[in-house]
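Student: A structural model of the following input is requested.
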Amino acid sequence: MKRKLIYAGAALMTLASPIFAQTPAGGGLTGTLNLPAAYLALGISAGLCGLGQGKATAAACEAMARNPGAAAGIRFSLLLGLALIESLTLYALIVTFIAK
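Tutor: As a prediction, the model looks like this:
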């Protein structure tokens, strides 16, 4: 199953590569203020995501210490929450690439 998923991902990246080789059509609005704002947004989101992940991890450790029987459920919720928190930084990174 994992091998099929890896092959499918590699095939999709191979098929999508000609899209990124094209030059953008039209002049558009490509000012010099796009990049500093995108970098600032990436820095803010990365910093706040780091703080949020630290707080979530600390709360999960405290909850597991108080109730060891619920450690599996707390761990699952922690990992799901960390993945959702990290997605914010990834979205900001994508916006930074689009702003170029």
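Student: so where is this structure shaky, pLDDT-wise?
Tutor: Along the chain, the model assigns pLDDT under 70 to residues 12-13, 15-34, 100.
Student: Which helix or strand contains the nearest residue to residue 86 once chain neighbours are set aside?
Tutor: Closest residue in space to residue 86, ignoring its immediate chain neighbours: residue 49 at 6.5 Å, by C-beta to C-beta, 6 or more residues apart in numbering. Using the backbone N, CA and C atoms, a C-beta is placed for each residue, glycine as well. Assigned by DSSP states H and E, residue 49 falls within helix 34-66.
Student: Could you pull out the buried residues of whichever helix or strand comes after that helix?
Tutor: Towards the C-terminus, the helix or strand next in line after helix 34-66, according to DSSP H and E, is helix 71-99. Neighbour-count burial for helix 71-99, with 16 or more other C-beta atoms under 10 Å as criterion, is recorded at 74, 78, 81, 82, 85, 89, 92, 96, 99.
Student: what sits against the second one?
Tutor: When contacts are counted by C-beta atoms under 8 Å, 6 or more residues apart in numbering, residue 78 touches 56, 57, 60.
Student: and residue 67, backbone torsions?
Tutor: phi -140, psi 80 (degrees, to the nearest 10).
Student: and the helix holding residue 49, what other elements does it pack with?
Tutor: Under the contact definition 3 or more C-beta pairs under 8 Å, 6 or more residues apart in numbering; DSSP states H and E, helix 34-66 sits against helix 71-99.
Student: who's in contact with the residue nearest the centre of the chain?
Tutor: Ranked by distance to the mean C-alpha position of the chain (C-alpha atoms, centre = their mean), the top residue is residue 90 at 2.6 Å. If you count contacts by C-beta under 8 Å, 6+ apart, residue 90 has none.
Student: what about it, distance to residue 75?
Tutor: 22 Å (C-beta to C-beta, to the nearest Å).
Student: what's the answer for residue 6, then?
Tutor: 26 Å.
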